[in-house]
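K.L.:
what's the 3D shape of this:
(one chain, ligands or ions: 1)
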Amino acid sequence: MEKKLILAPLQGFTDAPFRQVYPRHFTGFDEAMAPFISTMGEKRLKPSRIKDVLPENNPILPVVPQILGNVAEDFIFLTHHLADMGYTTVNWNLGCPHSKIAKKRRGSGLLCWPDQIDKFLDEVVGAIPCSLSVKVRLGRNTADEIFDLLPVFDRYPLEEIIVHPRTGVQLYTGEADIDAFGRILEKTRHNLVYNGDITGMKRFQRVEQRFPMIERFMIGRGVLADPFLPATIKGEVRDRSEDLVRIKRFHDDLFETYDHNFYGPSHIAGRMKGFWNYLAPSFKGGKKALKRIFKSKDREEYLVRARGFFKEEISFCPEDHGN
Ligand SMILES: Cc1cc2nc3c(=O)[nH]c(=O)nc-3n(C[C@H](O)[C@H](O)[C@H](O)COP(=O)(O)O)c2cc1C
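P.N.:
Now for the predicted structure:
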C-alpha cells in the first residue's frame, strides 16, 4: 500500500505561490492543505483571503482548504463558497497554538471545550455541501484533553483527523509524542493522519513501522529543510550531484513567483529569509554567505547575496541534522 503524503499548512510559507512552484521541481506530495482562512462574520467574503485557494492559483497539487473559526454560521457560509469553487473537503483548524487566537476559543483554544465543539459539529456537519476533516493537537494545556473529544468526533462522519501530537501551549517545543498518537489510534473510529517532526527518512520510518495501518502522513517544516524529503520517502532515487543545481532552480523560481505576482519589493527579502531559516542548517559550508543573506535589507541586496551563496563551496546534507 503506497503511503500518501500531504504538504502541511504553514502560514507564511506553503501558500499558493509555494504550492505552484514546489511541484515544478520536486515530486512526492499527493496533496496539500492550505494555511487557514479565518471566518469573516456577517456573511462577508474578503477576496484577499480567498485568493490563496482560487483554483487558478492551485494548478498542480490537489488542495484542501482550511478554516479557522468557532461560529457555525460563518463556517457554513465560507464552506459553501469553497464548495462553489469546486472543493469537496474542508478542514477545521483545531490546532493553531497562538495565544491571541486560542484566547478567543479558536484553533487549539477550543480543544478544552468539548461541548462547544460538539455543538459546532452538530450545526455544521449536516449543513455543508462537502465533507469535513479536523486538524488537532493533543489539547490546549494538557496532553489528555483530546480523550474527551474523541467520543464527540466519533458521533460525526469526519473525513479524517490529522493529529499533531503536541499541546497548544507547547507551541513547537519538545518532541511530537508518538506514544500519545498511538493511544488516540486505539480510541477513535476515524482514520488518522500522522503529523509532526517528520524531518528525515529515519523519523518517517519510525512512525511508519510503529503504525503500519496509517496511510497518510502530513509533512511541514521537514520539507522546507529538505525539499527532496517526500520523494525520498516515496523511494525515488536521485543523482545527488545535482542537488545544489536543483535547489538553486527551485529557489530562483520561488523568488520570481513571489516577486512578480504577490509581494512588493520590501516584503520579498523577508519572505525569502523565512525559507532560509529552515533550509540553511541543511548546508555544509557557506556560513558567512548565509549570514549575509539573513542581513540583507531589500530585494536587490537579497538577490545578490543568495546568488553568491550558491557559488560558495557548499554541499547539501539534510540528513546531518534533525533525523
Ligand atoms: C510557520 C508555521 C505556520 C503554520 N500554519 C498553520 C496553519 O495555517 N494551519 C495549521 O493547521 N497548522 C499550521 N502550522 C502547523 C503545521 O501545519 C504542522 O502541524 C506542524 O508544523 C507540525 O508538523 P511538522 O513537524 O511536519 O512541521 C504551522 C506551523 C508553522 C511552523
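
K.L.:
So R206 versus the ligand, what's the distance?
P.N.:
Here R206 is placed at a distance of 14 Å from the ligand (CB to the nearest ligand atom, to the nearest Å). All C-beta spots, glycine's among them, are computed from the backbone N, C-alpha and C.

K.L.:
The ligand contacts on the chain?
P.N.:
Within the chain, the positions near the ligand by CB under 6 Å from any ligand atom are 8-13, 35-36, 66, 93, 95, 135, 164, 195-198, 219-222.

K.L.:
Mind checking which of those are in strands?
P.N.:
Q66, N93, K135, H164, N195, I219 (DSSP state E).

K.L.:
Tell me the one of those residues nearest A176?
P.N.:
The shortest approach to A176 among those belongs to H164, at 6.9 Å (CB to CB).

K.L.:
residue boundaries of the strands in the chain?
P.N.:
Taking DSSP E as the criterion, the chain carries its strands at 4-7, 31-33, 37-38, 63-64, 66-68, 89-94, 131-139, 161-167, 192-195, 216-219, 283-284, 315-316.

K.L.:
What score does the closest residue to D259 other than its chain neighbours have for pLDDT?
P.N.:
Leaving aside its chain neighbours, D259 sits nearest to I268 (5.5 Å; criterion: CB to CB, 6 or more residues apart in numbering). Note on I268: pLDDT of 92.

K.L.:
and if you look at R246?
P.N.:
R246 is given a pLDDT of 98.

K.L.:
Same question for E2.
P.N.:
E2 is given a pLDDT of 86.

K.L.:
cool, K46 as well?
P.N.:
87.

K.L.:
quick one: it and M40 touch, right?
P.N.:
Yes - the criterion here is CB atoms under 8 Å, and K46 meets it with M40 at 6.1 Å.

K.L.:
and V53, what does it touch?
P.N.:
A16, A34, I37, V63, P65, L82, M85, Y87 (CB atoms under 8 Å, 6 or more residues apart in numbering).

K.L.:
S133 contacts N93, doesn't it?
P.N.:
No - using CB under 8 Å, S133 makes no contact with N93, being 10.5 Å away.

K.L.:
So for the two, which residue has more residues nearby?
P.N.:
Neighbours were counted for S133 and for N93 using other CB atoms under 10 Å; N93 has more, 24 against 19.

K.L.:
Quickly list what the more buried one is bridged to.
P.N.:
Applying DSSP bridges to N93 gives these bridge partners: K135.

K.L.:
pLDDT weak spots in this protein?
P.N.:
262-266, 320-323 (pLDDT under 70).
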